[in-house]
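> sequence? don't have it. structure:
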C-alpha cells in the first residue's frame with residue numbers, strides 16, 4: 001500500500017506556486033516602470049515628442065484613464081504575449097505623458113520621490129502579502145476613493161486651464177492620494193494572495209491575470225510617485 005502524500009508538501013507546493021506568480025507580477029510591474037522611464041527620457045530628448053506631450057494636457061489625462069478602463073477587456077481577449085505588448089504600450093505612453101514633469105522638478109527631487117515611492121510600495125506590498133487578515137473589506141472604499149480622486153483631479157485641471165488658482169486644492173488631493181494608493185496596493189497584493197488558488201490550475205487565466213495584476217500595481221505605484229513628487233518636489 002502506497003503511503004499518502006503529506007498534506008504539508010501539497011501546501012508547500014501551493015505556496016511555491018503563489019511565490020512564483022507574485023514574482024512574475026512584480027517583474028512585469030518593474031518592467032513597466034522601467035519602460036515608462038525610458039519613454040520619458042526619449043521624449044525629453046526629442047523636441048517634437050516633447051512639444052506633443054506638452055500640448056496634450058487634459059486630453060492625455062483622459063486617454064490614460066480611458067485606456068486603463070479598457071485594459072482588462074483587451075488583455076483577456078488576447079494571448080499573454082499580446083497582453084504584455086498592450087502593457088508595454090500603456091507603460092510607454094504613461095512615460096510620454098509624464099515626461100514634462102522633468103521640466104518642472106529638479107532631477108534630485110524626481111529621484112527622491114521615486115525612492116520614497118519605491119520604499120512605500122515595498123512596505124505596503126509586504127504588509128498585504130504577509131498579513132493574516134483579509135483586506136477584502138477595504139476594496140469598495142478604496143475604489144470609490146480612487147474614482148472620487150479622478151473626478152476631483154479633472155475638476156482641478158479644468159479650473160487651472162481657465163486661470164483659477166488650485167494650489168491648495170492640489171496639495172489636499174495629493175495628501176489624500178498617497179495613503180489611498182498605498183492602501184490600494186496592500187489590498188491588491190492581499191487579494192492576489194487570497195484568490196490565487198481559484199485560478200492557479202488554469203495556466204492561460206493565471207498568465208492573463210498576472211499581466212492585469214501587474215498593471216494594477218503599476219498604476220498604484222505611478223500615482224504614489226506623482227503625488228509624492230508634487231508634495232516634496234523642488235521646482236526648477
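Looks like it arrived, so ask away. Given the structure is predicted, the values throughout are model-derived calculations rather than measurements.

> distance between the lowest-mean-pLDDT helix or strand in the chain and the chain's centre?
Using mean pLDDT, DSSP states H and E, the weakest-scoring helix or strand in the chain turns out to be helix 139-161, at a mean of 83. Centroid separation for helix 139-161 versus its chain: 16 Å, with C-alpha atoms, centre = their mean, to the nearest Å.

> What lies in contact with it?
Residues outside helix 139-161 that contact it (C-beta atoms under 8 Å, 6 or more residues apart in numbering): 57-58, 61-62, 65, 166, 169-170, 173, 176-177, 180-181, 183-184, 187, 191. The C-beta positions use only the backbone N, C-alpha and C, and glycine is treated the same way.

> With stretch 227-236 instead?
101, 103-106, 108-110, 112-113, 116-117, 120, 170-171, 173-175, 177-178, 181.

> what do you get if the cut-off is 6 Å, keeping everything else the same?
104-106, 109, 113, 116-117, 174, 177-178 (C-beta atoms under 6 Å, 6 or more residues apart in numbering).

> How about stretch 24-36?
Outside stretch 24-36, the residues touching it (C-beta under 6 Å, 6+ apart) are 87-88, 91-92, 94-95, 210, 213-214, 217-218.

> tell me which residues of the least confident helix or strand of the chain are tucked away?
142, 145-146, 149, 152-153, 156, 160 (16 or more other C-beta atoms under 10 Å).

> ok, now stretch 227-236?
So, applying 16+ other C-beta under 10 Å, buried residues of stretch 227-236: 227-230, 233.

> Can you say which two of the residues you listed are spatially most distant?
Spanning the widest gap among the buried residues of stretch 227-236 are 227 and 233, at 10.3 Å by C-beta to C-beta.

> Around residue 19, how many other residues sit close by?
The number of residues packed near residue 19 is 11, by other C-beta atoms under 10 Å.

> who does the helix or strand containing residue 174 touch, helix- and strand-wise?
In the assignment (DSSP states H and E), residue 174 maps to helix 167-195. The helices and strands touching helix 167-195, judged by 3 or more C-beta pairs under 6 Å, 6 or more residues apart in numbering; DSSP states H and E, are helix 107-130, helix 139-161, helix 203-232.

> Could I get the average pLDDT for that helix?
Regarding helix 167-195, the rounded mean pLDDT is 91.
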